[in-house]
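> Quick one: sequence plus predicted model below, questions after.
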Amino acid sequence: MKFIIIRKADANTEAGMLPSNEQLSQMADYNIELANAGMFISGDGLKPSQLGAKIQIRNGQPIVTDGPFTETKEVIAGFTMITANSRAEALDWAQRWPEQDVDLELRQVYELSDFAPGSGLSKHQQLADRLQKQPASTSSYLLFDGNCREAFAFYADVLGGEIVMQMTAAESPMADEMPTEFADKILHVSLQVGSWLLMGSDCPPGMYEKPQGFHVQIGFNDVSQGEQTFKKLAEGGEIIMPFAETFWAERFGMLRDRFGTPWMLNCAQCL
């Protein structure tokens, strides 16, 4: 069963007063306890209603009223979504809420199994099945012949990214199992570029194969920035298709950089 613990607004939350570090810590401890019990799904606080809006739809026409909302007791300031075996268990956890003076509301969430079979339910089930199949994330993973460190430093500079994790073979729990000559090679690296993650590693000796059958595709809205990036990636590499206008984009180009990685750049896509 899914339940939502609704944290009602008060004068402080409506004034945009943020919780203290102590309060944040207490809430984190509460969420950790829920997570350790296998019950925590998600939890978030909401900004004041003055930044929100109410939308009423009458006869198919939306009527929008900007906040703030005068009835503070009817406003939600945050919520925690949990899974529980029963209403009693959910209620028990709601009563452990870490604030001393607060109004909460516990509500059970409808699940697809609560509804009678039919075409409407089938649509929701199909959507649920499709979302269930979707991975939490996806990224390109590149393999190198001993020059992964240099390649990712280059990509971080060209793409404006940040290396958020990097481990050598010698730094890994498997260090004793690695060949001596592989000790300073990269076992794994992650490069964060905005919301996009690029990963890679060096191949063990004798296992490297030249990349083929794929390209790392990146897109830019700004043509001049796209052209600059294309030129930098192409330095010391090979231009496969010059950066030029196409029927689907203002600019498009393909290249293989000096590390062997194939790239495809689209700019200001028209399709």
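Happy to help now that I have it. Numbering: from 1, shown residues only.

> and R130, that's in a helix?
Yes. The assignment for R130, made by DSSP: H, G, I helix; E, B strand; the rest coil, places it in a helix.

> Count the neighbours of it for me.
Neighbour count of R130, defined by other CB atoms under 10 Å: 9. C-betas here are computed from N, CA, C, even on glycine.

> That one and K123: what is the separation?
11 Å (CB to CB, to the nearest Å).

> what is in contact with the two at once?
Here R130 and K123 have no joint contacts, going by CB atoms under 8 Å, 6 or more residues apart in numbering.

> Do you have the strands of the stretch 101-250 of the chain handy? List them.
104-108, 140-144, 162-168, 186-193, 196-202, 216-220, 238-244, 249-256 (DSSP state E, counting those that start in this stretch).

> can you redo these as JSON lines with mean neighbour count and distance to L34?
Output for the strands of the stretch 101-250 of the chain, formatted as JSON lines (neighbours: other CB atoms under 10 Å; distance: least, CB to CB, whole Å):
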{"stretch": "strand 104-108", "mean neighbour count": "14", "distance to L34": "14"}
{"stretch": "strand 140-144", "mean neighbour count": "17", "distance to L34": "33"}
{"stretch": "strand 162-168", "mean neighbour count": "14", "distance to L34": "27"}
{"stretch": "strand 186-193", "mean neighbour count": "20", "distance to L34": "28"}
{"stretch": "strand 196-202", "mean neighbour count": "19", "distance to L34": "28"}
{"stretch": "strand 216-220", "mean neighbour count": "16", "distance to L34": "39"}
{"stretch": "strand 238-244", "mean neighbour count": "13", "distance to L34": "52"}
{"stretch": "strand 249-256", "mean neighbour count": "20", "distance to L34": "47"}
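
> Redo these as a markdown table? Include mean pLDDT and distance to E227.
Shown next, in a markdown table, are the strands of the stretch 101-250 of the chain (pLDDT from 0 to 100; distance: least, CB to CB, whole Å):
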| stretch | mean pLDDT | distance to E227 |
| --- | --- | --- |
| strand 104-108 | 96 | 54 |
| strand 140-144 | 97 | 22 |
| strand 162-168 | 96 | 23 |
| strand 186-193 | 96 | 18 |
| strand 196-202 | 96 | 20 |
| strand 216-220 | 95 | 9 |
| strand 238-244 | 97 | 6 |
| strand 249-256 | 96 | 7 |
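
> Run through this structure and note the low-pLDDT ranges.
Residue ranges of the chain with pLDDT under 70: 72, 270-271.

> doesn't G236 make contact with E150?
No. Taking contacts as CB atoms under 8 Å, E150 lies outside contact range of G236: 11.4 Å.

> follow-up on the earlier one: TSV please, covering the strands of the stretch 101-250 of the chain and showing distance to P68.
Below are these laid out as TSV (distance: least, CB to CB, whole Å):
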stretch	distance to P68
strand 104-108	20
strand 140-144	45
strand 162-168	38
strand 186-193	37
strand 196-202	37
strand 216-220	40
strand 238-244	51
strand 249-256	44
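
> Nearest approach to F69 belongs to which of those?
strand 104-108 (16.3 Å; CB to CB).

> Check which helices and strands the closest one sits against.
strand 2-8, helix 87-94 (3 or more CB pairs under 8 Å, 6 or more residues apart in numbering; DSSP states H and E).

> now those as JSON lines including mean neighbour count?
Listed next are these as JSON lines, based on neighbours: other CB atoms under 10 Å:
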{"stretch": "strand 2-8", "mean neighbour count": "19"}
{"stretch": "helix 87-94", "mean neighbour count": "15"}
